[in-house]
Each structure stands twice: as C-alpha cells, then as structure tokens.
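Quick one: sequence and predicted model below, then my questions.
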Amino acid sequence: MRATPLLTLLVSAFAGFASAATLANRWSFNGDTSDSVGGNTGVLVGGASVTGGQLALAPTTTGPSADSMGFTSTLDIGGTHGASGVTFEAWYTDANSGAWSKLFSFGNGTGGSNIIFNLQQGGSGQGRIQYQGMPESNFGSRPALDVEHHLALSISSDGLVNAWIDGTQIQASPPNLTGDGNDLATLPNSWERIGASNWGDAGMTGSVNEFRIWSGELTGAEVAANLAAGPDTVIPEPGSMIMLVFGSLLMLRRRRSR
C-alpha cells in the first residue's frame, strides 16, 4: 500500500517520540496494592493500609518499621532503567509528616547511594532531594499540607536530575536541582520503599493516590499533560498512538476500496 500524504504526516509527527518514556509500573491502590503494569504487587509494612483508593500512612513508629510499602520483587531501578533513565511520578498528600520523612527512597538506604524525596529536611520545613554523587538539594518550602500534589522526578542514564511539583519545575539550592550525579546504573537495590526510611527517621504521614515508575525521562510537556489528565488516567504512549493511527487508516482505506 502506497503511503498517503496523511499517513506520512502522522508518522512524521510521531517519529520524534520514538524514544519517549514508557510506563513500567503503576500502583493505583484501587482496593489493593497491585501493580497493573509491571505485576510487582506492593507489600504493606507496619500499619499501612489501602483505604478509599489510596495508600494510607499514619506511622506510630520510625525507620524501616514505619507505615510504608515495599515490593514483592526487587525493582532494581539502576539495573532495569540504567540505560534509559527513569521517572518517578506520584500524586500524594502530606498530612504534616515529621522530620526527614520520605515519600520514597531507593538505593542502599543509609549508605549515601540513593534517590530520595524528603517531604521535609530535618525540622526546617524545606523539601529536599538526595541523589548519589550530587549535593543534597533543598528546593524551598514543602508544598501545602493536607492538599494533594503531583510530583515527577526524572534521572537520566548519566545522572542528571530534574523534578516538577504540580507542573512547575523545581529550582533547588545548592547549586540547583539539575545537578549531575552518578550514572543511574550504579544505584544499589538493597532498599526500596514508599513512605519510610532505612534511617531512624519519621515515616510519611498522609496518603499516596497513585505511584508510577516510567522507563525513560518524562519531558516538562509530558509532566504537564499527566498532571492535567490526573491520577486515574494514563495518556496513551506514542507507540500505542501510532498503532491506533495505522489501524484507523487501514480501516478507512478498506472501506473506501469496497
């Protein structure tokens, strides 16, 4: 079949997305901790529960035993996404979590080789992102309490970190969040948790509505689109969109040829 001008135009339009991020894991907490994409069911720790379509966290203890969620199988972020980069995406509510509480922590827990999103650094009320090989970066006052927020945090294969909260890219200090850390492939996999720390820090108090891991880096435009779509909707990936376009054009051509 000879390519039509419309087909050529559509293929050209989508060609730039060939290396776009693809969804690897998705926990929506619709009654359980199942991973609807990667099949890696979450494991509840402490008093964590799934309530009202969210992962509910209200820890009475600190450290590894605090309310949180681990995983049935090791995610191995560095080994799985080291060549492509990775993006962590979450819709979460911080209900006045304590000092050094963490939305997520992946790496070796206490050895300094981690990617961590701290809801607040110490008792300062400042949010902080830690990634192996780059200065720890405060990004200003943490977002409003008891309100759901959207976070996207990407790491390139060579360790470049970028993050957005509610669609606005974070600028952190020192020196700024787009620091260059260690290659992602070197990230250890001995500690993987949503909501708790391997230190003796406070666990997260609040809830997580949706948690996603993407293979590859979401762009600012993709982050904004996901924010607009909300936690219950996944925007079709470029490959799926291309297949849909091809299928529609083939059906249209067959109908016209009858």
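Yep, it's here. All figures in this text were calculated on a predicted structure; none of them were measured in a lab.

Residue 86 against residue 213, yeah?
Yes. Between residue 86 and residue 213 there is a contact under C-beta atoms under 8 Å: 6.5 Å. No exception for glycine: its C-beta is placed from N, CA and C like everyone else's.

intersection of neighbour lists for these two?
Listed contacts common to residue 86 and residue 213 are residue 77; contacts here mean C-beta atoms under 8 Å, 6 or more residues apart in numbering.

so residue 40, which of the three states?
coil (DSSP: H, G, I helix; E, B strand; the rest coil).

was I right about it contacting residue 70?
No. Using C-beta under 8 Å, residue 40 is not in contact with residue 70, being 10.2 Å away.

Stretch 107-123: which residues count as buried?
Applying a neighbour-count criterion of 16 or more other C-beta atoms under 10 Å, one finds 107-109, 113-121 buried in stretch 107-123.

Also stretch 190-202?
Buried residues in stretch 190-202, counting neighbours by 16+ other C-beta under 10 Å, are found at 191-198, 201-202.

can you tell me which of those residues lies nearest to residue 80?
Of all these, residue 192 has the smallest distance to residue 80: 11.5 Å, by C-beta to C-beta.

Okay, and the beta partners of that closest one?
Residue 192 has these beta-bridge partners by DSSP bridges: residue 106.

got a list of what it touches?
Neighbouring residues of residue 192 by C-beta under 8 Å, 6+ apart: 70-71, 74-75, 77, 105-106.

Serialize these to a markdown table and add fields for secondary structure and neighbour count.
Formatted as a markdown table, those follow (DSSP: H, G, I helix; E, B strand; the rest coil; neighbours: other C-beta atoms under 10 Å):
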| residue | secondary structure | neighbour count |
| --- | --- | --- |
| 70 | strand | 19 |
| 71 | strand | 18 |
| 74 | coil | 13 |
| 75 | coil | 21 |
| 77 | helix | 23 |
| 105 | strand | 25 |
| 106 | strand | 25 |
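
ok, the residues you listed vs residue 234, which is closest?
Lowest distance from residue 234 to the contacts of residue 192 (C-beta to C-beta) belongs to residue 75, with 18.9 Å.

Am I right that that closest one is in contact with residue 106?
Yes. In this structure residue 75 lies within contact range of residue 106 using C-beta under 8 Å: 7.2 Å.

Could you list the low-confidence segments of this structure?
For the chain, the stretches with pLDDT under 70 are 1-19, 172-179, 237-258.

now the helices: where do they sit in it?
5-15, 77-81, 220-229, 238-257 (DSSP state H).

Wait, residue 130 touches residue 121, no?
No. Look at residue 130 against residue 121 with C-beta under 8 Å: they stay out of range, at 9.2 Å.

Give me the common contacts of these two.
Common neighbours of residue 130 and residue 121 (criterion: C-beta under 8 Å, 6+ apart): residue 136.

what is in contact with residue 40 and residue 70 at once?
If you check residue 40 and residue 70 against C-beta under 8 Å, 6+ apart, no residue is contacted by both.

surely residue 53 meets residue 30?
Yes. Using C-beta under 8 Å, residue 53 is in contact with residue 30, at 5.7 Å.

how about residue 134, what does it touch?
So residue 134 contacts 159, 161, 179-182 (C-beta under 8 Å, 6+ apart).

Which residue is the nearest non-sequential neighbour of the spatially most central residue of the chain?
In the chain, the residue lying closest to the centroid (C-alpha atoms, centre = their mean) is residue 88, at 1.6 Å. Distances taken as C-beta to C-beta, 6 or more residues apart in numbering put residue 153 closest to residue 88, at 4.8 Å, once the chain neighbours are dropped.
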